[in-house]
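S.K.: Below are the sequence and a predicted model for it; my questions follow.
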Amino acid sequence: MIYLDSAATSFQKPETVGRAMVKALQTMSSPGRGGYPAAMQAADTLFSCRTELAELFHISEPDRVVFTMNATHGLNVAIKSLVPRGGRVVISGYEHNAVTRPLAALGAEIIVAGAPLFRPDLTTEAFEKAITSDVDAVVCSHVSNVFGVVQPVEAVAALCRERGVPFVIDASQSAGVMPLDMAALGAAFAAMPGHKGLYGPQGTGVLLCGDKAEATPLMEGGTGSLSIQQEMPDFLPDRLESGTHNVPGIAGLLEGIRFVRGKGESAICLHERKLALQASEGLRKLPGVCVCARRDLFAQTGVLSFVVDGVDSEFVGNALTEAGFAVRSGLHCAPLAHRTAGTIDSGTVRLSFSAFNTEKEVDLLLEALPGILKRLSD
Amino acid sequence: MEQYWMIARSVTYAQRMERMLMAAGIRTRIFRAPRELSNMGCAYAVEVTGGALRSALSILRSAGLYPAKLYLLQQGKYVEISL
């Protein structure tokens, strides 16, 4: 199988990730639940992971790095901490259901700052018009999971700071690929998965809490601290981390983060963009294929969507599966993004690359596609 | 040698204190705080030896880290020291 679905999960991981997970299973118990070596080793692993994440994303204290199950979990905490029932929220036109569904559940008034693909200038203008001081929060993905479009989060953050509105960043597609400076942005929260660009295992996620962020627990339970009281602790990370941690997962995540820091986010992004550009140029030569990207991949990461004229994207995805390629087709849990881009009826076929993909793999895809598309259109 | 136990509200907080002191060359140890030393339920203690206490507290304070309580372990008994 040639795996081109890293925007869903980076399937190929550094070898150190699996090794760390096995070691954690064999040697670590529950952090914060004892002073014996197995518990303290687990606590040390978590602390090292918090510290590395705090350094990578410019968080003032490791306590403000909260482990979650995934990005969706973190986004739910962030949104439900900031938005009251029936509140007002401004979001970009490229948000995932992980943002829109919690807002819908809250009955929030959602103001979409929509703009065409790859137009950060127009996106900023749309946010400038939409953000008023009575808005409860602004939520914006750093990078679209469907189109790889890089959103102007720095400009949106500046608007939020100026107007005193809390800002939530969905860094699901950017963590490990693009720099994110929480201190400079002054964002309230940033949520991210551990299992995509950070190369950790599934079931890991991170919520970064800005210096002024006040978080409300999504669930209550044991934290190994302040056990005498029946309210959740008022300090992080305990306030948001009830129950036993995913220690093997976090041990794997720690190694994934070390891999990213060793290679450098910019080098990984450059590699992925190079492959996306190669794919984009090859796809443009195929009749009936419309690539959702600018020719120079302006404002884009290594996530690339395309549409085949008159062919359901799911058929293309299924045919590619049969040919040994793993891609994602359909709406990618982001109908809003497809509505904004005008691809809601067809969906798209998405290719997404990781540090482990090669030019040869893209060549093989481009060699296979003409035959596949011919069969589908016959 | 006198031993001082600094009570931390959580294991993460104790680890931050420990790392900060270790970076400054002060030897420490983390362990579960005895129940009677904490009115919080579960807590951790960071141990420093007597000679290092003053500089340890100063280092922690400059990093914005504050023990919840401080105890001197003396002849098998704990004496609370006001912070």
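M.R.: On my side now, so go ahead. Numbering: from 1, shown residues only, chains lettered A, B, ... in the order given.

S.K.: hang on, A:Leu297 is in a helix, isn't it?
M.R.: No: applying DSSP: H, G, I helix; E, B strand; the rest coil, one finds A:Leu297 to be coil, outside a helix.

S.K.: per-residue pLDDT, it?
M.R.: As predicted, A:Leu297 sits at a pLDDT of 95.

S.K.: Which residue ranges of the chain form strands?
M.R.: Went with chain A since none was named. Taking DSSP state E as the test, the strands found in chain A are A:2-3, A:65-68, A:88-92, A:109-113, A:137-141, A:167-170, A:189-193, A:205-209, A:289-291, A:303-308, A:325-326, A:328-330, A:348-352.

S.K.: if you could check chain B rather than the one you did, that'd help
M.R.: Under DSSP E, chain B gives strands at B:3-8, B:29-32, B:44-49, B:69-74, B:77-81.

S.K.: so which of those gets nearest chain A?
M.R.: Chain A lies closest to strand B:29-32 among the strands of chain B, at 3.9 Å (C-beta to the nearest C-beta). Heads up, the C-betas are built off the backbone N, CA and C, glycines and all.

S.K.: and the closest one, how far from the chain's centre?
M.R.: On the basis of C-alpha atoms, centre = their mean, to the nearest Å, strand B:29-32 sits 9 Å off its chain's mean C-alpha point.

S.K.: buried set for that strand?
M.R.: By neighbour count on 16 or more other C-beta atoms under 10 Å in any protein chain shown, the buried set for strand B:29-32 is B:Ile30, B:Arg32.

S.K.: Could I get the CA-only coordinates of that strand as CSV?
M.R.: Extracted C-alpha coordinates of strand B:29-32, given in CSV (Å, rounded to 0.1, in the frame of the first residue of the first chain):
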residue,chain,number,x,y,z
ARG,B,29,13.7,14.0,45.5
ILE,B,30,10.0,13.7,44.8
PHE,B,31,7.7,11.5,46.8
ARG,B,32,4.1,11.2,47.9
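
S.K.: Report the rounded mean pLDDT for it.
M.R.: Rounded mean pLDDT across strand B:29-32 is 94.

S.K.: Give the pairing partners of that strand; include direction for each.
M.R.: Strand pairing for strand B:29-32, determined by DSSP bridges: strand B:44-49 (antiparallel).

S.K.: which parts of chain A sit against chain B?
M.R.: Proximity of chain A to chain B, by C-beta under 8 Å from any C-beta of the partner chain, involves residues A:31-32, A:34-35, A:40, A:43-44, A:46-47, A:50-51, A:61-63, A:223-229, A:233, A:235, A:237-238.

S.K.: In terms of pLDDT, where does A:Ser225 sit?
M.R.: 93.

S.K.: Which residues are in contact with the closest residue to it other than its chain neighbours?
M.R.: In space, and not counting its chain neighbours, A:Ser225 is closest to B:Ser10: 4.1 Å by C-beta to C-beta, 6 or more residues apart in numbering or on different chains. If you count contacts by C-beta atoms under 8 Å, 6 or more residues apart in numbering or on different chains, B:Ser10 has them with A:Gly32, A:Thr223, A:Gly224, A:Ser225, A:Pro233, A:Phe235, A:Asp238, B:Ala43, B:Tyr44.

S.K.: please redo it, this time with the cut-off set to 10 Å
M.R.: A:32, A:43, A:63, A:223-226, A:233, A:235-238, A:241, B:16, B:40, B:42-44, B:68 (C-beta atoms under 10 Å, 6 or more residues apart in numbering or on different chains).

S.K.: residue in chain B nearest to chain A?
M.R.: Residue of chain B nearest chain A, by C-beta to the nearest C-beta: B:Gly41 (2.9 Å).

S.K.: Quick check, pLDDT for that residue.
M.R.: So B:Gly41 comes in at 82 (pLDDT).

S.K.: Tell me how far the nearest residue to it once chain neighbours are set aside lies from A:Gly32.
M.R.: Spatial nearest neighbour of B:Gly41, chain neighbours left out: A:Ser227 (2.9 Å); criterion: C-beta to C-beta, 6+ apart. Distance, A:Ser227 to A:Gly32, by C-beta to C-beta, to the nearest Å: 10 Å.

S.K.: Mind listing the shared neighbours of the two?
M.R.: With C-beta under 10 Å, 6+ apart as the test, A:Ser227 and A:Gly32 both reach B:Cys42.

S.K.: Tell me how confident the model is about stretch A:40-56, as a mean pLDDT.
M.R.: 98.

S.K.: same thing with stretch A:86-104?
M.R.: 98.

S.K.: Dump it to CSV, keeping only the CA atoms.
M.R.: This file holds the C-alpha atoms of stretch A:86-104, laid out as CSV (Å, rounded to 0.1, in the frame of the first residue of the first chain):
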residue,chain,number,x,y,z
GLY,A,86,-26.8,30.6,22.4
GLY,A,87,-23.6,32.6,22.2
ARG,A,88,-22.1,34.2,19.1
VAL,A,89,-19.0,32.8,17.4
VAL,A,90,-17.1,33.7,14.3
ILE,A,91,-15.4,30.9,12.3
SER,A,92,-13.7,30.6,9.0
GLY,A,93,-15.3,29.0,6.0
TYR,A,94,-13.0,26.0,6.2
GLU,A,95,-13.9,24.6,9.6
HIS,A,96,-14.2,20.9,10.4
ASN,A,97,-17.2,19.3,12.1
ALA,A,98,-15.1,19.1,15.2
VAL,A,99,-15.7,22.9,15.4
THR,A,100,-19.2,23.2,13.9
ARG,A,101,-20.9,20.4,15.7
PRO,A,102,-20.1,21.5,19.2
LEU,A,103,-21.2,25.0,18.2
ALA,A,104,-24.4,23.6,16.8
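
S.K.: For it, buried residues please.
M.R.: In stretch A:86-104, counting by 16+ other C-beta under 10 Å, buried: A:87-103.

S.K.: One more: stretch A:329-344?
M.R.: A:329-341, A:343.

S.K.: coming back round to it: restricted to helices, list the residues of chain A next to chain B.
M.R.: Using DSSP state H, A:Met40, A:Ala43, A:Asp44, A:Leu46, A:Phe47, A:Arg50, A:Thr51 are the members of those that sit in helices.

S.K.: tally of neighbours for residue 71?
M.R.: I'll assume chain A. 28 (other C-beta atoms under 10 Å in any protein chain shown).

S.K.: that answer is for a different chain, and I need it for chain B
M.R.: Residues within reach of B:Tyr71, counting by other C-beta under 10 Å, total 22.

S.K.: wait, what's in contact with it?
M.R.: B:3-7, B:33-34, B:36-37, B:45, B:47, B:77-81.
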